[in-house]
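*Asks:* Structure for the following, please:
(2 chains)
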Amino acid sequence: MKPRHDKIEEAKKLSGAPGCVECGRCVAACPMAEMYVNFGIEMSPRGIIKKALVGDNIVEDRNIWYCTECNSGTDACPQGVSCRDLIRKLREAAIEENLVADARQCGSCGRYFLAVPVENFVFGRLEKEPANVLKALETCPSCRREIYLLRNA
Amino acid sequence: MDQKDRIDETDEIDQTDQKMEASRQPEPQLRLEDLRPRVPEKKKFSDWFMPRRNQVILFDPAKCTGCGTCEMICSTRNVAKVAPSQASVKVLTDEKLGKSFAVLCQHCRRPLCLEACPTRAIEKGDDGIVRINDLFCVDCGLCTMACPEAAPLRDPANQVVHKCDLCEGDPLCVKHCPEKALTTTRGKALRWIKAARWGVQALSFLFLVILVVGTFCYFRAGTVELSCPTGTLQNIASSGTLILVGASSALALLILTVLFGRVFCGWVCPFGFVLDLVDKITPKKIGWPNFLKSRMAKYGVLGGAVGSSAALGFQAFCTVCPIGTLCRSYGVQSVMQSAELAIVPILAATEIAERRSWCRYLCPVGATMGIASLLRLLKIVIGARKCKKFSCIQCAEVCPVGIIDADQLREGVSPKIPMTECIMCLRCVDRCPYSAAKVRFRWQKATPGEANQ
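*Replies:* Numbers count the residues shown, from 1 in each chain, chains lettered A, B, ... in the order given. So this is what the prediction gives:
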């Protein structure tokens, strides 16, 4: 197993995080502002990039588990930094170190496929739906399609 | 003095500052709800007569060979090149079963993806097509997470979400499917059973309530004798003797039940007709608390009615039976009879909680027929293959006794129907746009080549 530092370095290299000029465009474009009431600098892509650049304890930071891994920050960045790739790599590192308090495991294949805050947001939006529907949503999309195939084909 | 004044002044400033702080409200944050409010779907005048039928793609897994032409042709529309991973349709092949299946958007009547989208990028148009508005979509993939079928597809390479928009009404995949496994339809509901049922109900109401007094409970015309089966049971219990003539006349209705199910409840019962009419003027239902919802209660009422007749020596329940009082009501002869009639509006008022509450939970006549329908010949099936499940759920909405499990449909499973509870009104068969709900013989399979339900 690679040490944590190497993985973070790799993630930074892959996402181009050192090129960040802290302009804040990714924060303006980020859908998390709409999703969470406690959206702040620690949770925002800019905050996470900054924290990743200065230290290795970003992996333990629970703020990396709020991101939906969308393309908006990457699209908005003038420097071509991909906050999505950075966060995804950081999450992978966190899962390897078994820091999975905020990761949702697929009910069928056991893969970590979603972050718990994101899931809470989706379930909050769907709160009017009956419980069994929400239970069916606890599997990862590919497993869900597979289950659907087995039921209907 | 000067100093004191100064202190007072600073105090005042502090106080005003505090007041300012207190009076300053947290600035209301503008959310997408405010910027782009969701317009509730308007009900057109014509919807009262004909429900809007939207175009959907039907998929027949028996015909699909898993060739992937649909994926390829779909991606040419999405990204102007052949790249199956960027398509809005995904073909899955199960090696063990040797079967293929195409996952595609069903354009739900109440889309879950639309609720879940954080940027309000998903819209349902007037034509029923659920679209992703590319102006607002940020490819977060939450629609995939919210869909029971995971139909909005996210390309694993560049994380872009693609979802079917039916090619604005002329789907390319349907045009190019070499096996014709994909077809497009607007659905076709029967719609004539409804008119027939209302006609039969009105006629039988006219006949049982207005034309002949006391008809349903006991009816005799020449040699033809008919009587209420529950009344007959009570009669036997109270008199203690088996009256063969009465029993055979009661059998007529039970034989009808064995042949066709509880058609009496859905098509003939005059009180059921009254309940259906009351339902028309109370469209909003408040629902019963769960502990009151016991469908077995009606068998208890039946037992109580028979038992009380045996104990008291006369048919006690029949004096308050809403069906009976309604039948005996025309030409009210005494104060007693008009007092009895009060049960009808009281029970009709239960319609504000659930449709046909009386029939679901309490009616002992229905209970007798429910027992008889254990020997039924017919059943209603909701075919798994044609049924659109979570995207449609119209059958569960129209079912007056609520036996079609909407939760199962939402999960993507075709529901089984408890036929002892079914009143054979055929609303589901009438309403189903994809002819998935059908009347079948008990021993028949749901649809050819499908597992027996």
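
*Asks:* residues from the stretch 351-453 of chain B in reach of chain A?
*Replies:* By the criterion of C-beta under 8 Å from any C-beta of the partner chain, the positions of the stretch 351-453 of chain B lying close to chain A are B:A384, B:R385, B:F390, B:D407, B:R410, B:E411, B:G412, B:V413. C-beta coordinates here come from the backbone N, C-alpha and C atoms, glycine included.

*Asks:* Now do the domain split for chain B, please.
*Replies:* The record assigns chain B these domain ranges, following automatic domain parsing: B:53-185, B:192-375, B:379-441.

*Asks:* of those domains, which approaches A:E92 most closely?
*Replies:* domain B:53-185 (14.5 Å; C-beta to C-beta).

*Asks:* if we can go back for a sec, looking at the domains of chain B, which has the lowest confidence?
*Replies:* Set side by side, the domains of chain B show their lowest mean pLDDT on domain B:192-375, which sits at a mean of 82.

*Asks:* Endpoint to endpoint, that one covers what distance?
*Replies:* For domain B:192-375, the separation between the terminal residues is 28 Å (C-alpha to C-alpha, to the nearest Å).

*Asks:* Please report how far the residue nearest in space to the middle of chain A lies from A:G55.
*Replies:* For chain A, the residue nearest the mean C-alpha position is A:C67 (3.9 Å; C-alpha atoms, centre = their mean). Going from A:C67 to A:G55 by C-beta to C-beta, to the nearest Å gives 19 Å.

*Asks:* near chain B, which residues of chain A show up?
*Replies:* Residues of chain A lying near chain B (C-beta under 8 Å from any C-beta): A:29, A:31, A:34-35, A:68-72, A:75, A:84, A:114, A:118-119, A:121-122, A:125-126, A:129-130, A:132-133, A:136-137, A:141-142, A:144-153.

*Asks:* Highest neighbour count among the residues of the stretch 351-453 of chain B next to chain A?
*Replies:* Comparing these on neighbour count, B:F390 comes out first with 25 neighbours (neighbours: other C-beta atoms under 10 Å in any protein chain shown).

*Asks:* surely that one meets B:R109?
*Replies:* No. If you go by C-beta atoms under 8 Å, B:F390 and B:R109 don't touch, sitting 9.4 Å apart.

*Asks:* Who are the contact partners of the closest residue to B:E115 other than its chain neighbours?
*Replies:* Spatial nearest neighbour of B:E115, chain neighbours left out: A:R125 (4.9 Å); criterion: C-beta to C-beta, 6 or more residues apart in numbering or on different chains. A:R125 is in contact with B:E115, B:A116, B:A146, counting by C-beta atoms under 8 Å, 6 or more residues apart in numbering or on different chains.

*Asks:* cool, and A:F113?
*Replies:* By C-beta under 8 Å, 6+ apart, the contact list for A:F113 reads A:R104, A:Q105, A:C106, A:C140, A:P141.

*Asks:* Take these and keep only those in helices.
*Replies:* Counted as lying in helices by DSSP state H, out of the contacts of A:F113, are A:P141.

*Asks:* and the contacts of A:F113, which two are the farthest apart?
*Replies:* Using C-beta to C-beta, those span at most 14.1 Å, a distance reached by A:Q105 and A:P141.

*Asks:* Comparing these two, which residue is more hemmed in?
*Replies:* Neighbours per residue, other C-beta under 10 Å: of A:Q105 and A:P141, the larger number sits with A:P141, 23 against 16.

*Asks:* And the helices in chain A?
*Replies:* According to DSSP H, chain A carries its helices in the segments A:4-15, A:25-29, A:32-35, A:45-54, A:72-76, A:83-96, A:116-125, A:131-136, A:141-152.

*Asks:* hey, least reliable of those by pLDDT?
*Replies:* The stretch with the lowest average pLDDT out of the helices of chain A is helix A:131-136, scoring a mean of 82.

*Asks:* on contacts alone, who are the packing partners of that one?
*Replies:* With contacts defined as 3 or more C-beta pairs under 8 Å, 6 or more residues apart in numbering or on different chains; DSSP states H and E, the packing partners of helix A:131-136 are helix B:406-411.

*Asks:* Give me the number of neighbouring residues for B:L251.
*Replies:* As a burial measure, the neighbour count of B:L251 was computed by other C-beta under 10 Å and equals 16.
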